[in-house]
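Engineer: here is a sequence with its predicted model. Questions after.
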Amino acid sequence: DKALKSIREQSIDEGEIEVLIIDGGSTDATIDIAKKYNAIILFNEKRLPEYAKSIGILNAKGRYIIEQDSDEVYLYSDQIEKRIELLTTNPKVKCILADKLIAPKNYSFACAYLNTFGDPFSCFVYKNKGSTTENNVKNIDIYRNGGFIFKFDKEDILPIGDGGTTTMDLDFVRENFPEKIHEKSFASTIFDDIVEKSGYVACIKNDNILHYSEASLINYFKKLRFRVISNIFDKKGSGFSSRSINNNKLNKRKYLYLLYCASIVFPIYDSIRFSIKFCDVSYLMHFIYSYYVLFEILIQYLFKLLGLKLVNGAYGSLK
């Protein structure tokens, strides 16, 4: 309800925004809420988020598409309008990232950490500092009216663009990837494909999203396991693995993660550093999350060597 309300309260006329709800078998009031906000409801039989994104991409009719999770809420009424203005005044830019995800006050214990880094593996591999503008300072090409335009070369490690209300020029996608757009795995690489083709990403400073993630400690560990399994057993449909296939620099950094954890000192040091930087003791869990991910990587690769294949069900669970 909060997510849809924040969309309908945007300064852009309601008739200009087509809302597609991709339902993955919900058993709560999702459908009724979607109807209340005049949304188009489509069904995702496979339930996994990448399939949902693919369905949305193929069925959207507008020029621009925004991928928004059901627990993401706009903070200001002009956020979409500002993004469209940035895209139309800078034709070389074909996608925009939110600056950062913000956890609501007194929310789930792991929510702040998840919003900032996603997971410890991504934090290390992408050298995540906490926001899009901080992470990509070295790639700034233009700064104008509060908007950053980042330029990327082919050998650069691209930012993560699969969450936080990523905005993309769908006409550009249809024109440049007419066949690939129909592949189920395309939703995993669409952001990277756009950036590799155009060379640019934009971000408006303080264009933040309120993220109501149900990241209790137990749920977060389940999500971490889910991500490891996806990357090992479903490379085309996962996040990191699908990106690293064509990026040697990114691919090499996954091995450095093992050394990072083996050092013991660095994960503990980062735990203290993050908790001080973000003024939040929950970031002290970083080293525990780091070793849990390492443990899952080793276990899942052992299963793979033994010929066993694990398949994820709904996000954070196994079939």
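Structural biologist: Ah, there it is.

Engineer: tell me if I'm right that Phe274 and His286 touch.
Structural biologist: Yes - with contact defined as CB atoms under 8 Å, Phe274 counts as touching His286 (5.6 Å). C-betas here are computed from N, CA, C, even on glycine.

Engineer: need the overlap of contacts for these two.
Structural biologist: Tyr113 (CB atoms under 8 Å, 6 or more residues apart in numbering).

Engineer: all helices for the stretch 151-300 of the chain, in order.
Structural biologist: Using DSSP state H, counting those that start in this stretch, the helices of the stretch 151-300 of the chain run over residues 170-176, 186-198, 217-233, 240-244, 248-262, 265-277, 286-305.

Engineer: all helices for the stretch 1-150 of the chain, in order.
Structural biologist: Under DSSP H, counting those that start in this stretch, the stretch 1-150 of the chain gives helices at 2-8, 30-36, 49-59, 79-89, 111-117, 120-125, 132-135.

Engineer: can I get those in JSON lines including mean neighbour count and mean pLDDT?
Structural biologist: JSON lines is the format used below for the helices of the stretch 1-150 of the chain (neighbours: other CB atoms under 10 Å; pLDDT from 0 to 100):
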{"stretch": "helix 2-8", "mean neighbour count": "18", "mean pLDDT": "95"}
{"stretch": "helix 30-36", "mean neighbour count": "14", "mean pLDDT": "94"}
{"stretch": "helix 49-59", "mean neighbour count": "20", "mean pLDDT": "88"}
{"stretch": "helix 79-89", "mean neighbour count": "18", "mean pLDDT": "94"}
{"stretch": "helix 111-117", "mean neighbour count": "23", "mean pLDDT": "92"}
{"stretch": "helix 120-125", "mean neighbour count": "22", "mean pLDDT": "93"}
{"stretch": "helix 132-135", "mean neighbour count": "19", "mean pLDDT": "92"}
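
Engineer: nearest to Tyr257, out of these?
Structural biologist: helix 120-125 (5.3 Å; CB to CB).

Engineer: so which other helices or strands are in contact with the closest one?
Structural biologist: helix 240-244, helix 248-262, helix 286-305 (3 or more CB pairs under 8 Å, 6 or more residues apart in numbering; DSSP states H and E).

Engineer: let me have these in a markdown table, extended by mean neighbour count, mean pLDDT and distance to Asn135.
Structural biologist: A markdown table is the format used below for those (neighbours: other CB atoms under 10 Å; pLDDT from 0 to 100; distance: least, CB to CB, whole Å):
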| stretch | mean neighbour count | mean pLDDT | distance to Asn135 |
| --- | --- | --- | --- |
| helix 240-244 | 21 | 66 | 15 |
| helix 248-262 | 14 | 87 | 14 |
| helix 286-305 | 16 | 94 | 17 |
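
Engineer: returning to that earlier point: can you put the helices of the stretch 1-150 of the chain in a markdown table and add distance to Leu256?
Structural biologist: Listed next are those as a markdown table, based on distance: least, CB to CB, whole Å:
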| stretch | distance to Leu256 |
| --- | --- |
| helix 2-8 | 37 |
| helix 30-36 | 41 |
| helix 49-59 | 26 |
| helix 79-89 | 35 |
| helix 111-117 | 16 |
| helix 120-125 | 8 |
| helix 132-135 | 18 |
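
Engineer: wait, which of these is closest to Gly147?
Structural biologist: helix 79-89 (4.9 Å).
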